[in-house]
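*Asks:* Sequence unavailable; structure follows:
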């Protein structure tokens, strides 16, 4: 083989080998790009999964916080209701004790009023000698009635009123001309009640009835 032919063969071989090297380089770049793209996809999926996990965890914690707030709110409402109920019960108990004390006081004092009224009713008002004493008894009675009224005890004097079984106790009935039935025509003993209408002692009365 001549030198020229040998050179030609070597050039041909170099040319062939160079083309294969270029192709291999291109293939390597394509593979590298595919690997990079796959890696980026995996990273994106991993990041998406991590974000989803974070969102799920935060959602769970939010639900737990809302449930805790609801429970605490319910506890506050129950505590407020309990406190209000206790305050109401305490108020009722205090009012009942107050009324009990007033009833006890009234039961002890009203007979004194009855005696003073009877003394005035049967006193000889024409007797000038007794007049100062009668005036003194009347003044005592007036002040006593003011005192018991100031603490919530009222006298029941139903003369001329219609019979009220809740406040009046009919002791007898009689026909009175010109007076309709069931009217109080005489008060044998006055009654007493607390402010608000709770009767301590009903008034004893005589009631009119229709003529037969």
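*Replies:* That came through fine. Keep in mind the model is a prediction, meaning the values are calculated, not measured. Numbers count the residues shown, from 1 in each chain.

*Asks:* wait, is residue 48 part of a helix?
*Replies:* Yes. Per DSSP: H, G, I helix; E, B strand; the rest coil, residue 48 lies within a helix segment.

*Asks:* Could you give me the buried positions within stretch 179-194?
*Replies:* The neighbour-count criterion (16 or more other Cβ atoms under 10 Å) identifies 179, 183, 184, 185, 187, 189, 190, 191, 192, 193, 194 as the buried residues of stretch 179-194. (Glycine included, C-beta is placed from N, CA and C.)

*Asks:* And the fifth one, which helix or strand is it part of?
*Replies:* What that stands for is residue 187. Residue 187 belongs to strand 184-189 when assigned by DSSP states H and E.

*Asks:* need the buried residues of stretch 179-194 in TSV with distance to residue 119, can you?
*Replies:* Listed next are the buried residues of stretch 179-194 as TSV, based on distance: Cβ to Cβ, whole Å:
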residue	distance to residue 119
179	29
183	28
184	23
185	24
187	17
189	15
190	15
191	19
192	19
193	24
194	26
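
*Asks:* Could you list the paired strands of the helix or strand following the strand holding residue 187 along with their orientation?
*Replies:* Moving toward the C-terminus from strand 184-189, the next helix or strand (DSSP H and E) is strand 191-194. Applying DSSP bridges to the sheet, strand 191-194 is found paired with strand 153-156 (antiparallel), strand 199-201 (antiparallel).
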